[in-house]
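Visitor: Sharing a sequence plus its predicted fold:
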Amino acid sequence: MFEVIMYDGGVYRSAELFELIEDVGGAVLQKIRSSQMLTVTMSIPTEDKEAVVALCREIGGEVKEVPLAGTEIAVVGPTLGRHHMPPPICDRAEALRRKGALSIVMGLARGRGKGTSQISGSEVAIINEYDAAIFCFGNFKSCIEAKAELMKDIKIPLILVCGPRPEGLEDYCEGIVPGVGRKSERMRSPDERNKLDEIVSMTEMVLKDKRKRMSEDPLFVHPSEVKQVLENYHPIDMCLRPSPIVLHLDGLRAKIPYDENIQAIKDIMIYDRKLGDIAKITESKLDRSSMLIKIKTGSEVEYDDARKAAGKT
Amino acid sequence: MDITVHGTDPFGNEAYRVLFENIMNDLGEALAIEKAELVLRPEAPLFIFSVRLRAEPVSKTIADVSSLREEGSGVHITITDERYAPDILGAMWSMYGRNSVDQQTRFDMSVADADLEVVSKTVIASGEEALKEIIGSVWRSMPEGIKVRHVFISGTVVTVVATEEIMRPEFMKEGARVHVEMGGSADV
């Protein structure tokens, strides 16, 4: 059993920490260095957690629990206008980031208005690439209920954050957090911080359910193992974009151009199998310079093997 | 600033009272507004935001916001209202050229070869501009999707009636009623 924790401290003696993570068979999920400060999100075996935590404290760092680590979450607002951000949408994205998720903020092109709000097919496809989505609506019940249409085609777990509690939207989303609508100031008061915690807990719960469903037919290989292999692939190693590889619950996003790298990525060997055989690799709908790697489940790989053995492709 | 909210959604009423107050404070318009009345009917949708200003916005000359004295062949300006400092500096630069303007501090500047009479009567902020800013801040506090707007202005009262698609006659009538209630004239 692996646990995900986050080291937050300085770069001093951090080489010892990386060595220990490697020794215990763990993996670094994310490493962010800013000047002399370092944040490392790592996945380590439960039985070695004590030793890793002790070393983190010895070298002057802090250890934080990050229940959302290894997930990428989209926080979606009606538009990118100043009515909706920075506050409150960015506050929600920040709260998720503090718990280890990689959150992105997204605004719909025509999501504003009660009767005129729309979502396009490409927006739905982009949102569906993430592990979960948080939709942020406003302060009026009738408007929120009218905007249910925006959520109907979303296939990933969805949490609705809005002002008053709407009625009849339970089928459109996995969870509703009422009490926070449109705001013009940062969410700083104790009540507002509690609301952000509520959003994070709801996200945790929803993702826990997804993990549980996935555990019924586990992935052929854990995404962090694929990440470790991909890190040695030259274009990813040389990629200057922040977090060139982002972990998802069922795969990962690699921020390298699809057309130029697809064949090389498909041919990478993991457990004596080509990555192209154990994962579905597609171009990201977000931009042409990243790709999505969805790892197949154990049963899917077995089924493919059986078909191959029977001479069918 | 006294804010009254009439609406059909209790959560939205309270949220918009706070939102309106915060936005007006952020944009520096709160001091100019004496009273505000917000009518929120999201089910229509109809939004009427009416504000009564403390004073009618008028044009400001340099003499209104600074003290002036002759200094040799030029004029020395001491700015008394900071928010007009960039406008005064900009006006002096365009009228007399950068070389003639010597800005000693943020609030003091000497303009060489300038005429006191001309400088004092130079308009640096029109009343129309101040009004535009107030209307802009009211629009900003309204929901984003409510794009079809009509503005009533008479004296110190500014009323914005807004809806999403079609501005119906009854919406305009309701807006005019609120406008009159706030002290505006009926013939707008």
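Guide: That came through, no problem. Computed from a predicted structure; not experimentally measured.
Visitor: Show the low-confidence segments of chain A, by residue range.
Guide: Along chain A, segments meeting pLDDT under 70 span A:1, A:312-313.
Visitor: what do you get if the cut-off is 80, keeping everything else the same?
Guide: Applying pLDDT under 80 to chain A flags residues A:1-2, A:287-288, A:312-313.
Visitor: Quick one: the helices in it, in order.
Guide: Applying DSSP state H to chain A gives helices spanning A:14-23, A:49-58, A:89-98, A:121-127, A:141-146, A:190-215, A:223-230, A:234-237, A:258-266, A:275-278, A:298-309.
Visitor: closest one to B:G74 among these?
Guide: Evaluated with CB to CB, the helices of chain A place helix A:89-98 nearest to B:G74, the distance being 49.9 Å. No exception for glycine: its C-beta is placed from N, CA and C like everyone else's.
Visitor: Show me the contact partners of that closest one.
Guide: Contact with helix A:89-98 is made by A:68, A:73, A:75, A:77, A:103-105, A:134, A:136, A:161, A:186-187, A:192, A:196-197, A:199-200, A:203, as judged by CB atoms under 8 Å, 6 or more residues apart in numbering or on different chains.
Visitor: what does stretch A:36-55 give?
Guide: Contacts of stretch A:36-55 (CB under 8 Å, 6+ apart): A:1-12, A:14, A:16-18, A:20-21, A:24-33, A:61, A:63, A:66, A:69-70, A:100, A:224.
Visitor: same deal with stretch B:165-175?
Guide: With CB under 8 Å, 6+ apart as the test, stretch B:165-175 has contacts from A:115-116, B:39, B:44, B:46, B:48, B:50, B:148, B:150, B:152, B:159-161, B:163.
Visitor: Stretch A:293-310 now?
Guide: Looking at what lies outside stretch A:293-310 - CB under 8 Å, 6+ apart - the contacts are A:214, A:217-221, A:223, A:226, A:250-254, A:265, A:273, A:275, A:277-282, A:313.
Visitor: List only buried entries from those residues.
Guide: Listed as buried from the contacts of stretch A:293-310 are A:219-221, A:223, A:226, A:250-254, A:265, A:275, A:278-279, A:281; burial here means 16 or more other CB atoms under 10 Å in any protein chain shown.
Visitor: So which residues of chain B form helices?
Guide: With DSSP H as the criterion, chain B has helices spanning B:10-26, B:62-65, B:85-96, B:116-120, B:127-141, B:169-181.
Visitor: With mean neighbour count and mean pLDDT added, can I get those helices in TSV?
Guide: Shown next, in TSV, are these (neighbours: other CB atoms under 10 Å in any protein chain shown; pLDDT from 0 to 100):
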stretch	mean neighbour count	mean pLDDT
helix B:10-26	19	94
helix B:62-65	18	92
helix B:85-96	17	94
helix B:116-120	16	94
helix B:127-141	17	91
helix B:169-181	17	96
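Visitor: Adding distance to A:D259 as columns, could you present those in JSON lines?
Guide: Output for the helices of chain B, formatted as JSON lines (distance: least, CB to CB, whole Å):
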{"stretch": "helix B:10-26", "distance to A:D259": "46"}
{"stretch": "helix B:62-65", "distance to A:D259": "61"}
{"stretch": "helix B:85-96", "distance to A:D259": "51"}
{"stretch": "helix B:116-120", "distance to A:D259": "65"}
{"stretch": "helix B:127-141", "distance to A:D259": "43"}
{"stretch": "helix B:169-181", "distance to A:D259": "53"}
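Visitor: what about the residue most central in space within chain A, distance to chain B?
Guide: Centre of chain A computed as the mean C-alpha position; nearest residue by CA atoms, centre = their mean is A:E72, 1.2 Å away. Here A:E72 is placed at a distance of 27 Å from chain B (CB to the nearest CB, to the nearest Å).
Visitor: same thing with A:Q36?
Guide: Using CB to the nearest CB, one obtains 36 Å as the distance from A:Q36 to chain B.
Visitor: Please work out how many residues are found near the residue in chain B that chain A sits nearest to.
Guide: Chain B approaches chain A most closely through B:G145 (2.6 Å), counting by CB to the nearest CB. For B:G145, the neighbour count with other CB atoms under 10 Å in any protein chain shown is 24.
Visitor: For it, which non-adjacent residue is spatially closest?
Guide: A:G113 (2.6 Å; CB to CB, 6 or more residues apart in numbering or on different chains).
Visitor: surely the one you found meets B:I146?
Guide: Yes - using CB atoms under 8 Å, A:G113 is in contact with B:I146, at 7.4 Å.
Visitor: which ones are touching B:S126?
Guide: Here B:S126 is in contact with B:59-60 (CB under 8 Å, 6+ apart).
Visitor: circling back to that earlier point, can I have the buried ones of the contacts of stretch A:36-55 as a PyMOL selection?
Guide: Selecting the buried subset of these in PyMOL, with 16+ other CB under 10 Å as the burial test, is done by:
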select buried, chain A and resi 2+3+4+5+6+7+8+9+14+17+20+21+26+27+28+29+30+61+63+66+69+70+100+224
